[in-house]
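# A predicted structure for the sequence below; I have some questions about it.
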Number of protein chains: 2
Amino acid sequence: MNEKNTTERGYHHGHLRDALIRAADELLAERGLEGFTLRETARRAGVSPAAPSHHFGGTAGLLTEVAALGYQELARRLMVAGESGTPPDRLKAQGVGYVRFALDFPGRFHLMFRHDMLQKDQPSLEQATGQAWDALESTVLAIRGQPEGAELDAEGEAMLIGIWSTAHGFAHLTLDKKLARIDDCGGNEADMLESLFPAIIDTLWVKKLG
Amino acid sequence: MNEKNTTERGYHHGHLRDALIRAADELLAERGLEGFTLRETARRAGVSPAAPSHHFGGTAGLLTEVAALGYQELARRLMVAGESGTPPDRLKAQGVGYVRFALDFPGRFHLMFRHDMLQKDQPSLEQATGQAWDALESTVLAIRGQPEGAELDAEGEAMLIGIWSTAHGFAHLTLDKKLARIDDCGGNEADMLESLFPAIIDTLWVKKLG
DNA sequence: AGCATGATCTTTACACTGTAAAGATCACAT
DNA sequence: ATGTGATCTTTACAGTGTAAAGATCATGCT
């Protein structure tokens, strides 16, 4: 019944909703969040400027779906990073993975933390953010010696928010070129991630936890 | 010669440049960065929509001056916070001061880290950011036992960027309501600053430094 | 089969935005 | 006093998001 997967012509697109999400994500990757435009997204999907609003209610609706995809990808990476090693090593790896995600997808990343552009009550978004949170939480639970599924104790909570804040802030500062004066790595983002950020984690966390 | 400080009537405003910066800052405080508009700023200054561009070249020019003021205020607070106590205590106090600044002036804070909206080469901005950086650097130098004015060693650098990242990330996450599920403090930003953030610093940093 | 119904997409329109270009006004030095 | 340059206004234009109304089509009901 849905056999117009190849050439989407005619008045009705067929898979417009998915196509719009994909187009928006690509536009975000190309021009960043500030270069994003609902009309340009529609243009890329080969559709009229007002078409997206029908499916998503407006710009915020579309961007919320894109952000949900971003959280899914982030959660996936955090789970992979938290698979092997001692609990402190896993937490460190998740921190690196968090920053790497931000540097790989700056547009997505910025969007995901712009609550003024998202509809926080959207179930798809809530679920995806929950997955990312859980990935970190289970690692911290292991560090604290608490059973899986338990509620974090106070120090565990501070630990979780701490690593999150540190990774989040480092990612933001790097993307905003605020660490450019650090000449150890000549502004190269990859180097900053591979050497500087782990050094920070070591200085802060691992030495204390291990 | 400049005696029209009270009633600014007539074709020429007199102190339009300053008035625009003030109006922009107020607008930022009222509606946040996303509610900011060059035309509304002009309206509040009682002037035509195109007038600001003459003084600042465009939106970015005006916002850069506002951001420079923000960095000045931030630097002032960091210096005050770093005045008394042991070096680790001073660094902790500066971290708290950093977050407090962000929560007190969300509009300014967001603007200050939007490199796509600022002119990074503006001297007023460069100088103000340098002051804020120096305030943190001198505290870390004291912790590392290095003389004032020296160049930070590798671990000191990691320490500086680490505390900055942690405070920066915590501020961002708080402003974006990402820590709302932490029910220890019922979403109250003041409580989060006064209890949660210091707990994080203690768990991460101070225990290790002291 | 024929047909109505509703989902999907387009067209049109409007109130905004930033800013470029050209004109008006005024302070001030000569 | 006079013109010169800085300051501000007017006008205009290309964009933006989205509301409202119209066109097109798939689908299920009789």
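Looks like it came in fine.
# check contacts around the residue of chain A found nearest chain B.
Residue nearest to chain B within chain A (Cβ to the nearest Cβ): A:G169, separated by 2.9 Å. (Glycine included, C-beta is placed from N, CA and C.) Residues near A:G169 by Cβ atoms under 8 Å, 6 or more residues apart in numbering or on different chains: B:164-172.
# what is the nearest of those residues to DNA strand D?
Closest approach between those and DNA strand D, by Cβ to the nearest atom of the strand: B:H172, at 23.9 Å.
# narrow the contacts of A:G169 to those in helices?
If you go by DSSP state H, the contacts of A:G169 have B:164-172 in helices.
# thinking again about what came up before, can you check the pLDDT for the residue of chain A closest to chain B?
Here, the pLDDT recorded for A:G169 equals 98.
# from the contacts of A:G169, which is closest to A:A190?
B:S165 (17.6 Å; Cβ to Cβ).
# number of residues surrounding the closest one?
Residues contacting B:S165 under the criterion other Cβ atoms under 10 Å in any protein chain shown number 26.
# so it makes contact with A:W164?
No - with contact defined as Cβ atoms under 8 Å, B:S165 does not count as touching A:W164 (11.0 Å).
# quick one: A:Q72 from A:R90, how far?
20 Å (Cβ to Cβ, to the nearest Å).
# returning to that earlier point: dump the ones in helices among the contacts of A:G169 into TSV; add distance to DNA strand D as well.
Shown next, in TSV, are the ones in helices among the contacts of A:G169 (distance: Cβ to the nearest atom of the strand, whole Å):
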residue	distance to DNA strand D
B:W164	33
B:S165	32
B:T166	34
B:A167	33
B:H168	29
B:G169	29
B:F170	31
B:A171	28
B:H172	24
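# how about these in TSV, adding distance to A:A150?
Shown next, in TSV, are these (distance: Cβ to Cβ, whole Å):
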residue	distance to A:A150
B:W164	33
B:S165	29
B:T166	25
B:A167	29
B:H168	30
B:G169	25
B:F170	24
B:A171	29
B:H172	28
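# among those residues, which one has the most neighbours?
B:T166 leads those on contacts (other Cβ under 10 Å) with 30 neighbours.
# how close does it get to A:F109?
Taking Cβ to Cβ, one finds B:T166 at 18 Å from A:F109.
# in chain A, which helix or strand is least confident?
For chain A, the helix or strand with the lowest mean confidence is helix A:207-209, at a mean of 68 (criterion: mean pLDDT, DSSP states H and E).
# A:T166 against A:L204, yeah?
Yes - A:T166 lies in contact with A:L204 (Cβ under 8 Å); the separation is 6.9 Å.
# between these two, which contacts overlap?
With Cβ under 8 Å, 6+ apart as the test, A:T166 and A:L204 both reach B:162, B:166, B:204.
# how is chain A divided into domains?
When chain A is parsed with automatic domain parsing, its domains come out as A:10-57, A:67-209.
# and these as TSV, adding distance to B:R44?
Formatted as TSV, the domains of chain A follow (distance: least, Cβ to Cβ, whole Å):
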stretch	distance to B:R44
domain A:10-57	24
domain A:67-209	21
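# hey, which of the ones you listed is tucked in deepest?
Most buried of these by mean neighbour count (mean count of other Cβ atoms under 10 Å in any protein chain shown) is domain A:67-209; its value is a mean of 19.
# returning to what we had before: and the nearest residue to the residue of chain A closest to chain B once chain neighbours are set aside, how far from B:Y98?
Once flanking residues are discounted, A:G169 sits nearest to B:G169: 2.9 Å by Cβ to Cβ, 6 or more residues apart in numbering or on different chains. Distance of B:G169 to B:Y98, given as Cβ to Cβ: 11 Å.
# the spatially closest residue to A:L33 that is not a sequence neighbour sits in which helix or strand?
Excluding the flanking residues, the one nearest A:L33 by Cβ to Cβ, 6+ apart is A:H110, at 4.4 Å. Using DSSP states H and E, A:H110 maps to helix A:106-112.
# can you tell me what sits against that helix?
So helix A:106-112 is in contact with A:25, A:28-29, A:31-33, A:36, A:63, A:66-67, A:69-71, A:73-74, A:101-102, A:117-118, A:171, A:175, going by Cβ under 8 Å, 6+ apart.
# tell me which stretches of chain A form helices.
Counting by DSSP H, the helices of chain A are A:16-31, A:38-44, A:51-56, A:59-81, A:87-104, A:106-112, A:123-144, A:154-175, A:189-191, A:197-201, A:207-209.
# chain center to the second one: distance?
Between the mean C-alpha point of helix A:38-44 and the mean C-alpha point of its chain there is a distance of 23 Å (Cα atoms, centre = their mean, to the nearest Å).
# near DNA strand D at all, that helix?
Yes - judged by Cβ under 7 Å from any atom of the strand, helix A:38-44 comes into contact with DNA strand D through A:38-40.
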